[in-house]
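Asker: no sequence for this one, just the structure:
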């Protein structure tokens, strides 16, 4: 549920130039774009969830509380734990031995590319996000660029050897997903790898309170034309581009609740922040007062201790471009 909010990527770039990372990697590091204009979001009735000191193109709703909760880092750790690593598309040897160019879409503060660039120092890693966040120290072979995947990217066709994207809580419309996938395919080199990870919106083996919260949030999202079943349809959307030699689908379950140890507790906290960001439309839709809604959240904690198999699905699709 990594909060890939549709409004986060709904930005317009004022000036564009075609850039091929093979020409000069340093120009990627220095390339900054004009400020993006915020489009009006259909989900503006949802109270913004703040991420700590950064705007993430996957969701630029930023949290800045006294505890400096970094949801980007939590999401990164959850997905790394669930998938037992940062990727699984079988290009380990190529990244290690060749100077491959890698793009991470909706990179946030760049936790994924920072780890990958240290593990594979011979390759080059670029992350894009819709609007610039707080600057972070990057390895020499790493760059973060302000760019909007919902507009035509400023990279030329066939620019990257490997394009990666992950959204634990994807909040895009179906048309936006088609734009995203087509752009990702366009900038991937022939025989290059595309890898996309998405999480589901429904909690399996859960109690009545969790079901009610998930179902209500899904209804609110769908009223705003957000596609909430991407874990089922991502493979078909990629297949329909007719640009892949083959596609492989892998499924994992993300446990939620203290009974699953640190990983389950981490995801429980993460889910709580997501629900908190939706609390006004949720308790309004449910016809509950803020106090009653808070009681639901307390009940949810008890339920997660009782229903010890509660989990959300996560899907990874990867394939080689024709």
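Answerer: Cool, the structure landed. These figures come from a predicted structure and were not determined experimentally.
Asker: for the rest of this, base every contact and every neighbour count on C-alpha atoms.
Answerer: Will do.
Asker: now do the strands in the stretch 151-300 of the chain.
Answerer: Taking DSSP state E, counting those that start in this stretch, the strands of the stretch 151-300 of the chain run over residues 160-167, 170-171, 188-204, 244-255.
Asker: what residues of the third one count as buried?
Answerer: Meaning strand 188-204. 188-190, 192-203 (16 or more other C-alpha atoms under 10 Å).
Asker: show me which of the residues you listed is closest to residue 294.
Answerer: Taking C-alpha to C-alpha as the measure, residue 203 is the one of these closest to residue 294, at 19.6 Å.
Asker: count the residues that sit near the closest residue to that closest one other than its chain neighbours.
Answerer: With C-alpha to C-alpha, 6 or more residues apart in numbering as the criterion, residue 203 has its nearest non-adjacent residue at 4.9 Å, and that residue is residue 312. If you count neighbours by other C-alpha atoms under 10 Å, residue 312 ends up with 20.
Asker: what's the answer for residue 90, then?
Answerer: Residue 90 has 11 nearby residues by other C-alpha under 10 Å.
Asker: distance check, it against residue 277.
Answerer: Distance of residue 90 to residue 277, given as C-alpha to C-alpha, to the nearest Å: 37 Å.
Asker: how about residue 310?
Answerer: 21 Å.
Asker: with neighbour numbers in mind, choose between these two.
Answerer: Using other C-alpha under 10 Å, the more surrounded residue of residue 310 and residue 277 is residue 310, with 23 against 17.
Asker: that one: what's it in contact with?
Answerer: Shown in contact with residue 310 (C-alpha atoms under 8 Å, 6 or more residues apart in numbering): 203, 204, 205, 206, 255, 256, 257, 304.
Asker: equivalent analysis for residue 160, please.
Answerer: By C-alpha under 8 Å, 6+ apart, the contact list for residue 160 reads 21, 100, 101, 102, 103, 187, 188, 189, 192.
Asker: residue 211: which of the residues you listed is nearest?
Answerer: residue 103 (36.2 Å).
Asker: in its sheet, what does the helix or strand containing that closest one sit against?
Answerer: Taking DSSP states H and E as the definition, one finds residue 103 inside strand 101-105. In the sheet, strand 101-105 lines up against strand 124-129 (parallel), strand 160-167 (parallel) (DSSP bridges).
Asker: can you get me the start-to-end distance on stretch 277-291?
Answerer: Start-to-end, stretch 277-291 (C-alpha to C-alpha) is 16 Å.
Asker: thought residue 193 was touching residue 162?
Answerer: Yes - counting by C-alpha atoms under 8 Å, residue 193 touches residue 162, with 4.6 Å between them.
Asker: what's the local residue count around residue 307?
Answerer: Each residue near residue 307 was counted by other C-alpha under 10 Å, and the total is 15.
Asker: need the contact list for it.
Answerer: Here residue 307 is in contact with 205, 206, 207 (C-alpha under 8 Å, 6+ apart).
Asker: could you rerun that using 6 Å?
Answerer: residue 206 (C-alpha atoms under 6 Å, 6 or more residues apart in numbering).
Asker: that one and residue 269, how far apart?
Answerer: Distance from residue 307 to residue 269, by C-alpha to C-alpha: 17 Å.
Asker: try residue 149
Answerer: From residue 149 to residue 269 the distance is 29 Å (C-alpha to C-alpha).
Asker: next: residue 146.
Answerer: 29 Å.
Asker: hmm, back to that, and residue 149 and residue 269? Which one has more around it.
Answerer: Using other C-alpha under 10 Å, the more surrounded residue of residue 149 and residue 269 is residue 149, with 26 against 15.
Asker: now the more buried one, nearest residue through space, not along the chain?
Answerer: Going by C-alpha to C-alpha, 6+ apart, residue 149 has residue 180 as its nearest residue, at 6.1 Å.
Asker: tell me, how many residues neighbour the spatially closest residue to residue 182 that is not a sequence neighbour?
Answerer: Spatial nearest neighbour of residue 182, excluding adjacent residues (C-alpha to C-alpha, 6+ apart): residue 241 at 7.3 Å. Neighbours of residue 241 under the rule other C-alpha under 10 Å: 12.
Asker: give me the pLDDT for residue 241.
Answerer: Here the pLDDT value assigned to residue 241 is 97.
Asker: for it, give its distance to residue 156.
Answerer: For residue 241, the distance to residue 156 - C-alpha to C-alpha - is 18 Å.
Asker: I'd say residue 257 and residue 263 touch.
Answerer: No - in this structure, residue 257 is not within contact of residue 263 by C-alpha atoms under 6 Å, at 8.4 Å.
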